[in-house]
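> Sequence first, predicted model second:
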Amino acid sequence: MSVLVPAAFFTYMRVEFLHPNPSRDAEFCGMPLLGAIMLCFAVCFALSLFAGITGILSYLQLTAPRPLPRRLELIAVGSPAMAVFVIALAVAVLE
């Protein structure tokens, strides 16, 4: 969910930016598209972080022999947040 919703929004925005309305006499600029990408990254990060935190809190409330599939699920849910964090860190360092 944290990846599909931002991806669907970006796809919609990309179609709108790449096929502008011919009634408007405007040139194409890539900055709104870059803004849409950054917004999608931020939404993906926020949704994944929220899902990861709530998943970890519920995981800690389980009894002592915690199941391995639940731990793998937490890794899968938190991986988009970690990926966006690593991308943002790389951009900040390389800037």
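Okay, I see it.
> from here on, contacts and neighbour counts on C-alpha atoms
Fine.
> Point out where the protein drops to low pLDDT.
Applying pLDDT under 70 to the chain picks out residues 20-28.
> What segments of it are strands?
Shown for the chain, no strands are assigned by DSSP state E.
> Let me see the contact set for the residue nearest the centre of the chain.
The chain has residue 44 as the residue nearest its centroid, 2.0 Å off, counting by CA atoms, centre = their mean. Neighbour list for residue 44: 2, 3, 6, 80, 81, 84 [criterion: CA atoms under 8 Å, 6 or more residues apart in numbering].
> Could you measure from residue 50 over to residue 88?
For residue 50, the distance to residue 88 (CA to CA, to the nearest Å) stands at 18 Å.
> go on, residue 74?
22 Å.
> Settle it for me: which of those two has more neighbours?
Comparing residue 74 with residue 88 by other CA atoms under 10 Å, the one with more neighbours is residue 74, at 18 against 15.
> Please enumerate the helices of this structure.
4-18, 31-60, 68-94 (DSSP state H).
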